[in-house]
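next one to model:
(one chain, ligands or ions: 1)
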Amino acid sequence: MIEAVGLTKRYGAKTAVHNLSFQVRPGTVTGFLGPNGSGKSTTMRMILGLDTPTSGHATIAGRPFRKLPNAPRQVGALLDAKAVHGGRSARAHLLSLAQLSGIPARRVDEVLGVVGLQQVATRRSKGFSLGMGQRLGIAAALLGDPQVLLFDEPVNGLDPEGILWVRNLMKQLAAEGRTVFVSSHLMSEMALTAEHLIVIGRGQLLADMPVKDFISANSADFARVRTPDTEPEQREKLTAALGEAGGQVEPEPDGALKVTGLPLPRISDLAHAADVRLWELSPHQASLEEAYMRLTQGAVDYRSTSDQRAGLQQQMPQHMAQQMAQQMPQGYAPGQPHMQQPYAPQAPGVPGPGYPPPGQAPGHPYGAPEQYGAPHPYGQPAQAVAPMPPAASAPAAPAAMPTPQNEDAR
Ligand SMILES: Nc1ncnc2c1ncn2[C@@H]1O[C@H](COP(=O)(O)OP(=O)(O)OP(=O)(O)O)[C@@H](O)[C@H]1O
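Numbers count the residues shown, from 1 in each chain. Here you go, the predicted model:
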């Protein structure tokens, strides 16, 4: 078992981990979740004796890591897959770790097999892909056949097959009675891998509970309600009526309303009483990802803003936009009408190929001008569709696409 009691770590004025207490029990996979910079790695480093807590303590099997007899045989960890001497082969790297811990050399070949790196065992690790590096790090963690395992973002850089493999490996290790503590940003992945969750935000504990309890506690039902887009006053009237009746109403990005705290029939009755027409009234359940986002939203350090592009797009003079419009290919890639979209000039009053001025019906989905004789874009026989430029004007496809290789077979 891993136990943290009042674990706190400060770096100068920055408190990375604050008064964190939890237990990680054997026999289950425990997911350790939190946004970027929330203190997951710092916590793991303190558990492994690599960082000294400012206050509090962490133990493994009742002792601080540094006081464990033959720690590498009891605890295995993947913290940073890149922390490998790049000039060494995978096998030489694992062999040196094995020798330091009195582990027999044949175990190296066993773990290379478990992680699927036998074919590249003699290659220098500096040529490894991110996913291969992760596999090598997992091999190192398994080397001492330890009872306690810590993995910091083990699926980072793995392809879908690799992610599935890690998921099954974690479950198998836990089923063997080991303590498995896995950090991740990905709620969706943890929901499939872990049975128990510890969620932190800004270094503080936000949740410590079985995954199924987390789902039922946080996946709230809600209703989506939409009023006619053309009548914003209807939306306001309904928002007020639902609020007065005790519902929580949040606007959705697409103009709908997200309503919690009121059953669907009640929403319908309230809309009817307020003389508001509805275009949509549908039941929904928040996904686990949404529940996690909601739980951690107040503890996110790094948020993106929308790209204003320094006003560059608005500044394009009209004559340039017109010139661009004339130079645009009328059709770009046959069969891929969406490929044209990035070429549509945005300047007002300059219709691009296939992009009518606002309020006008589309001329042709492929952007063909009228002289190609396409009176109606839909339902025309193939030959009536506007001719595309000859293949030579489209970017040439590679003669033969390189066969995708499994990253671990490289
Ligand atoms: N050695 C250090 N010196 C100063 N600040 C540090 C140090 N290590 C971590 N921090 C800070 O502590 C906070 C927690 O970092 P930590 O790496 O533990 O978070 P994390 O949850 O693992 O993040 P991520 O998911 O991005 O890996 C961050 O604000 C980080 O900048």
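
show me this structure divided up by domain.
Domain assignment for the chain, taken from automatic domain parsing, gives 2-217, 220-299.

just say which of these is most tucked in.
Stretch with highest mean neighbour count among the domains of the chain: domain 2-217 (a mean of 18; mean count of other Cβ atoms under 10 Å). For glycine as for every other residue, the C-beta is placed from the backbone atoms N, C-alpha and C.

would you say Ala191 is within a strand?
No. Counting by DSSP: H, G, I helix; E, B strand; the rest coil, Ala191 is not part of a strand but helix.

need the pLDDT of it.
Taken from the predicted model, the pLDDT recorded for Ala191 is 87.

and Thr239, by the same measure?
On the pLDDT scale, Thr239 gets 96.

that one contacts Gly247, correct?
No. Counting by Cβ atoms under 8 Å, Thr239 stays clear of Gly247, with 9.2 Å between them.

possible to save the domains of the chain as JSON lines with distance to the ligand?
JSON lines is the format used below for these (distance: least, Cβ to the nearest ligand atom, whole Å):
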{"stretch": "domain 2-217", "distance to the ligand": "3"}
{"stretch": "domain 220-299", "distance to the ligand": "10"}
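
next, format those domains as JSON lines and append distance to Gln308.
Output for the domains of the chain, formatted as JSON lines (distance: least, Cβ to Cβ, whole Å):
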{"stretch": "domain 2-217", "distance to Gln308": "23"}
{"stretch": "domain 220-299", "distance to Gln308": "18"}
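
tell me which of those domains lies nearest to Arg309.
In terms of Cβ to Cβ, the element of the domains of the chain nearest to Arg309 is domain 220-299, at 20.3 Å.

now do that closest one: distance to the chain's middle.
Put simply, domain 220-299 sits 27 Å off its chain's centre (Cα atoms, centre = their mean, to the nearest Å).

which strands or helices does the lengthiest helix in the chain pack on?
Longest helix of the chain, by residue count under DSSP state H: helix 160-175. Counting contacts by 3 or more Cβ pairs under 8 Å, 6 or more residues apart in numbering; DSSP states H and E, helix 160-175 is packed against strand 29-33, helix 130-142, strand 179-184, helix 187-193.

who's in contact with that helix?
Residues from elsewhere that reach helix 160-175 (Cβ atoms under 8 Å, 6 or more residues apart in numbering): 26-29, 114, 116, 131, 134-135, 138, 149, 151, 154-155, 158, 180, 182, 189, 192-195, 406-408.

I'd like to know which of the helices and strands packed on helix 160-175 is closest to Thr59.
Set against Thr59 and scored by Cβ to Cβ, these come closest in strand 179-184, at 11.9 Å.

how about the closest one as CSV, C-alpha atoms only?
The C-alpha trace of strand 179-184 is given here as CSV (Å, rounded to 0.1, in the frame of the first residue of the first chain):
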residue,chain,number,x,y,z
THR,A,179,-0.6,-1.9,-5.9
VAL,A,180,-0.8,0.0,-9.2
PHE,A,181,-0.8,3.9,-9.1
VAL,A,182,-1.2,5.5,-12.6
SER,A,183,-1.3,9.2,-13.4
SER,A,184,-3.0,10.6,-16.4
